[in-house]
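1. the following block contains a protein sequence and its predicted model.
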Amino acid sequence: MQVLRAALVALRNLKVPSDAVVLASYPKSGNTWLKMLLCAALQHVEPDFDEIEKMVPYAGLGSPPAISGTRIVKTHERPSRLYRRGVYLVRDPYAVARSYFAAMVREGVFGVGETDRYLCQFFRGKLDNYGAWGVHASAWTRFIDGKPQWYLLKYEDLVGRPSEQIQEIVQHIGKRVDDKQVRLAVEACSRENLAKAESRSLRLGRKRRTTGIGFVGGGRQVPFVPQETFYSHPDAAQVLTVARQLGYA
């Protein structure tokens, strides 16, 4: 099954435009929020969960339109030589795991009390098709190391200094946007405005989506293990090593 999927991903990557800006991340790292911010900064786009999927499609699954002359795609896959430039967005693995667990509880994949079973699958890369966080993050940081066409962005920096980070990314991809437009983009993509956008989407019967900046649209908080318990898990060694390299542990 993994061999077949790898072949499918390779075929999809052939469809990625050679000039495309790739927004890469592990799931639940804030990629949707990042692409909303970029689109709002580049083209005055109001946040809309369905429109953003058309503007910034998953790599190889759609033809990205030019946004101010730039085509952008998103991926959760591991690096490919066909990804020529872009942004690698990384987030504290504890926060990623907590966010992913909450999403899977809402979807009925795990019960609230099944953190032990969940963590075993998270650390072993059995939750989805993207593998373990540690393997994924290690592969991407090695891939972009020394390549000036790639920008390493920490999710925490995006949260703490969104205007500054978006302006740096815009400049990194060769575009110019005035500071006022960036500030308006950040305001348009605030937690409150994204919650409203998600509510509109849900009222229309569309799929629930999240952005990584919290429980968009409200809902109950899902209990999770303390950070110390997370990093002391028997299967956490690789995640802990990479987290330390990135300054997270």
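-> Perfect, I can see it now. Numbers count the residues shown, from 1 in each chain.
2. what is the least confident helix or strand in the chain?
-> The weakest-scoring helix or strand in the chain, judged by mean pLDDT, DSSP states H and E, is helix 191-203 (a mean of 81).
3. list the buried ones in the helix or strand following that one?
-> Remark: after helix 191-203, the chain's next helix or strand is helix 227-231, criterion DSSP states H and E. Buried positions in helix 227-231, judged by neighbour count with 16 or more other Cβ atoms under 10 Å: 230-231. C-beta: built from backbone N, CA, C; applies to glycine.
4. export the helix or strand following helix 227-231 as CSV, just CAs?
-> Counting by DSSP H and E, the next helix or strand C-terminal to helix 227-231 is helix 237-245. This file holds the C-alpha atoms of helix 237-245, laid out as CSV (Å, rounded to 0.1, in the frame of the first residue of the first chain):
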residue,chain,number,x,y,z
ALA,A,237,12.9,9.4,21.3
GLN,A,238,13.1,10.6,17.6
VAL,A,239,10.5,13.3,18.1
LEU,A,240,12.4,14.5,21.1
THR,A,241,15.7,14.6,19.2
VAL,A,242,14.3,16.6,16.3
ALA,A,243,12.3,18.9,18.7
ARG,A,244,15.5,19.7,20.5
GLN,A,245,17.3,20.5,17.2
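5. about what we covered before: which elements pack onto the least confident helix or strand of the chain?
-> helix 49-55 (3 or more Cβ pairs under 8 Å, 6 or more residues apart in numbering; DSSP states H and E).
6. shouldn't Leu153 be within a helix?
-> No: using DSSP: H, G, I helix; E, B strand; the rest coil, the assignment for Leu153 is strand, not a helix.
7. what's it in contact with, if anything?
-> Applying Cβ atoms under 8 Å, 6 or more residues apart in numbering, one finds that Leu153 lies in contact with 34, 87-90, 165, 169.
8. any idea how far Ser199 is from Pro47?
-> In this structure, Ser199 lies at 12 Å from Pro47, with Cβ to Cβ, to the nearest Å as the measure.
9. coming back round to it: chain center to the least confident helix or strand of the chain: distance?
-> Between the centre of helix 191-203 and the centre of its chain there are 19 Å (Cα atoms, centre = their mean, to the nearest Å).
10. okay, now Leu34: neighbour count?
-> Leu34 is surrounded by 27 other residues when neighbours are defined as other Cβ atoms under 10 Å.
11. next, it: secondary structure please.
-> Leu34 falls in the helix class when you classify it by three-state DSSP.
12. contacting residues for it?
-> Taking Cβ under 8 Å, 6+ apart as the contact definition, Leu34 lies against 23, 25, 87, 89, 153, 158.
13. good, wrapping up.
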